[in-house]
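K.L.:
structure for this input, please:
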Amino acid sequence: MHEELSELAQSLGQYMAERCSDGLPGHFGDELLQAFPEENRRNLGVALAELEAEGLVTLSHVIGPHLPRVRTTVELFVACDAAITGHDPVEDSVILARMLIADPDLGGRASDLEKAAGWERRRFNPAFALVISNVAEGRVRSVIQNDYPSVGVLIADEDVVQLRRYVQRHSA
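P.N.:
This next block holds a predicted model:
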């Protein structure tokens, strides 16, 4: 994770990433107080603000709860997953991008691409979310259920160009 984060912020980030068992952004709140009983609300709030400043979570402050509502982001998986799952979502996204460049029809259904990759959902979803950002908005199929970050993507020639550039930027 980011070395400039406090130890508590790193622990919170890892805790939340580990509990997002499907690799999709998760929601957290006051249950973090019970998960970190040795910490007070103020310290947890500051650590969450650190995570938000790094783009690893988004916070929604509401009246009532002691902590803001927390929503994890794909960037949290990018920061944590190599240590948690042993897989780097960026490296995995390059593999998925190459698969879509070779066979654009694979992207029509996320479940087909997942099957072709042969990965469990926890590994697939963060990588697929990174790939989606390289496909034009009108060609990203809306989520109907919470299994994938998108039902699928419809790859046009312009998207192939973007995917190729993405692969170049993220390949050694």
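K.L.:
Val78: which element?
P.N.:
helix 74-84 (DSSP states H and E).
K.L.:
counting contacts, what elements does that helix pack onto?
P.N.:
On a contact count with 3 or more CB pairs under 8 Å, 6 or more residues apart in numbering; DSSP states H and E, helix 74-84 meets helix 7-19, helix 89-102, helix 121-132. Where C-beta positions appear, they are placed from N, C-alpha and C, glycine not excepted.
K.L.:
show me what counts as buried in it.
P.N.:
For helix 74-84, the neighbour count (16 or more other CB atoms under 10 Å) marks 74-81 as buried.
K.L.:
ditto for stretch 133-153
P.N.:
Buried residues in stretch 133-153, counting neighbours by 16+ other CB under 10 Å, are found at 134-135, 139-141, 148-153.
K.L.:
next: stretch 13-20.
P.N.:
13-14, 16-17, 20.
K.L.:
try stretch 107-127
P.N.:
107, 110, 113-114, 117, 119, 121-127.
K.L.:
contact partners for Pro68?
P.N.:
Counting by CB atoms under 8 Å, 6 or more residues apart in numbering, Pro68 touches 29, 45, 48, 59-62.
K.L.:
and the pLDDT for it?
P.N.:
Looking at Pro68, its pLDDT reads 90.
K.L.:
can you tell me the closest non-neighbouring residue to it?
P.N.:
Counting by CB to CB, 6 or more residues apart in numbering, Leu59 is the residue found nearest to Pro68 once chain neighbours are left out, at 4.2 Å.
K.L.:
do the same with Leu154
P.N.:
Per CB to CB, 6+ apart, closest to Leu154 is Arg139, 4.2 Å.
K.L.:
ok, Phe36 next?
P.N.:
Distances taken as CB to CB, 6+ apart put Leu44 closest to Phe36, at 6.2 Å, once the chain neighbours are dropped.
K.L.:
kindly report the same for Arg71.
P.N.:
Once flanking residues are discounted, Arg71 sits nearest to Thr58: 4.8 Å by CB to CB, 6+ apart.
K.L.:
and the one you found, how many neighbours does it have?
P.N.:
Applying other CB atoms under 10 Å, we find 14 residues neighbouring Thr58.
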